[in-house]
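Undergrad: Test case, fold it:
(one chain, ligands or ions: 1)
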Amino acid sequence: MRGLYIHIPFCRQKCLYCAFYRVIPANLSRIEEFLRVLDVELSGARPLRFDTIYVGGGTPNILKGRLLEMFMDIIHRHVKLSDDYEWTVEMNPELVDIDSLEIMRTYGVNRVSLGVQSIYDVELRRFGRLHRKDTVIRKLELIRKLGFANVSIDLIFGSPWKSVDMWRRELEEVASWEVEHISTYHLTIEEGTPFHSMGVRNPDDETMEKMYMIRDEVLSRYGFERYEISNYAMRGFESRHNMIYWMHEEYRGFGPSAHSFVKPNIRYTNVADLDLYIEDFEGTREYEYLTEEQLLLERIFLGIRTRRGVRVGDIDISGLEEFVDVRDGVVRLTARGVLLADRIALEIFERVRGSRGPRS
Ligand code: SF4
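TA: Here you go, the predicted structure:
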């Protein structure tokens, strides 16, 4: 499996919690200038064949009309897809419109990831989002009408404006929309974001733990399965693109700030600066050659997040029984382990390393 990621770095506004690389474009010619460089960069994707495309950002559906056609045409000219491909485009609800959806369908987009984040208008305002709940309902209808049969909704929990009860009601309501996939992200207050300087805080540990636990309880009643720490899907609708990351498969990223992983051990990252990217995307790339130990650490950190788990062989898990199961050499997190995933991953890594003995 091989995935292609494209970063569209433009947004109409900056959400107050966001730490992604994005800019507000001064005008349409700035977007066009970016697309021309992306065209050159993507020509380097040939002759590879990809199983998935994920267009993220930023706000990919800021592209409209001629610019959207230009973008889609660039992908068509440079990217070869397997027959059974998955092609996702992230969308902000307020920018969803019939013409753009039609263009995307025509070019072969078959999955929509909608950045809903909250069904509470008060919270959406606090987040600095431009849409409201009624916008989401209308746009979801439109997306279905245009024939998209694979829709994912992003939600955020862990803000000071959403109680445990509100979170439960939100999950119930979104599950009743009959979408195929729901991503539930724990709000992280990252340095450099307005939320960080405003002193916004997550609720206490006990409340957060309840919020984590409620997800399984509510969403499983509607037929969703948790297949990764933050992600739930109806059977057969797991995000194939994200599974590529978690399973440590190969992916190539294009656009500013995009990452790539090329087997066996090369990672490279595009510069997170639109001007520098446009000026010289190749010369500003950073390359890293991962050691055996770094690869092992990544494989455990990523793989343990998934229901499939990660193959580590026979290791001693004494003291960790509450947090992990090991069967046939594959380690998986228990419901309690999910709450401490990173710490557990590090512990498993140390034990695997210990079991391999000193390096000569
Ligand atoms: S729309 Fe998405 S990428 Fe843009 S600022 Fe908001 S969260 Fe960040």
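
Undergrad: Figure out the length between the terminal residues of stretch 304-311.
TA: 9 Å (C-alpha to C-alpha, to the nearest Å).

Undergrad: now stretch 253-267
TA: 10 Å.

Undergrad: Check what contacts it and list those residues.
TA: Applying C-beta atoms under 8 Å, 6 or more residues apart in numbering, the contact partners of stretch 253-267 are 4-9, 20-21, 34, 38, 41-42, 45, 248, 250-252, 268-274, 276-277, 281, 287-291, 294-295. Glycine gets a C-beta too; all of them are placed from N, C-alpha and C.

Undergrad: just stretch 116-133 next, same as before
TA: So stretch 116-133 is contacted by 12-17, 92-94, 136, 153-156, 159, 161-162, 166, 170, 173-174, 194 (C-beta under 8 Å, 6+ apart).

Undergrad: out of the residues you listed, which are inside strands?
TA: Assigned to strands by DSSP state E, the following of these qualify: 153-156.

Undergrad: Name the SS class of R332, please.
TA: strand (DSSP: H, G, I helix; E, B strand; the rest coil).

Undergrad: Pretty sure it sits against I317.
TA: No. Here R332 lies out of contact with I317, judged by C-beta atoms under 8 Å, at a distance of 11.0 Å.

Undergrad: shared neighbours of those two, anything?
TA: Common neighbours of R332 and I317 (C-beta under 8 Å, 6+ apart) are 324, 326.

Undergrad: quick one: R235 and I182, what's the gap?
TA: Look at R235 and I182: by C-beta to C-beta, to the nearest Å, they are 14 Å apart.

Undergrad: In the stretch 201-350 of the chain, which residue sits nearest the ligand?
TA: Residue of the stretch 201-350 of the chain nearest the ligand, by C-beta to the nearest ligand atom: S257 (10.9 Å).

Undergrad: did I read that right, that residue in a strand?
TA: No. Counting by three-state DSSP, S257 is not part of a strand but coil.

Undergrad: what's around D204, how many residues?
TA: D204 has 8 neighbours, counted by other C-beta atoms under 10 Å.

Undergrad: can you offset everything so residue one is 321?
TA: Done: numbering now begins at 321, and the last item shifts to D524.

Undergrad: how about the residues of the stretch 471-620 of the chain near the ligand?
TA: For the stretch 471-620 of the chain, no residue is in contact with the ligand (C-beta under 6 Å from any ligand atom).

Undergrad: Would you map the helices across the stretch 471-620 of the chain?
TA: 484-496, 514-518, 525-541, 560-566, 594-600, 612-623 (DSSP state H, counting those that start in this stretch).

Undergrad: again, but for the stretch 321-470 of the chain
TA: 348-362, 385-398, 418-427, 441-447, 453-465.

Undergrad: still on that earlier bit, separate out the buried members of the contacts of stretch 436-453.
TA: Buried members of the contacts of stretch 436-453, counted by 16 or more other C-beta atoms under 10 Å: 335-337, 412-414, 456, 473-476, 479, 482, 486, 490, 494.
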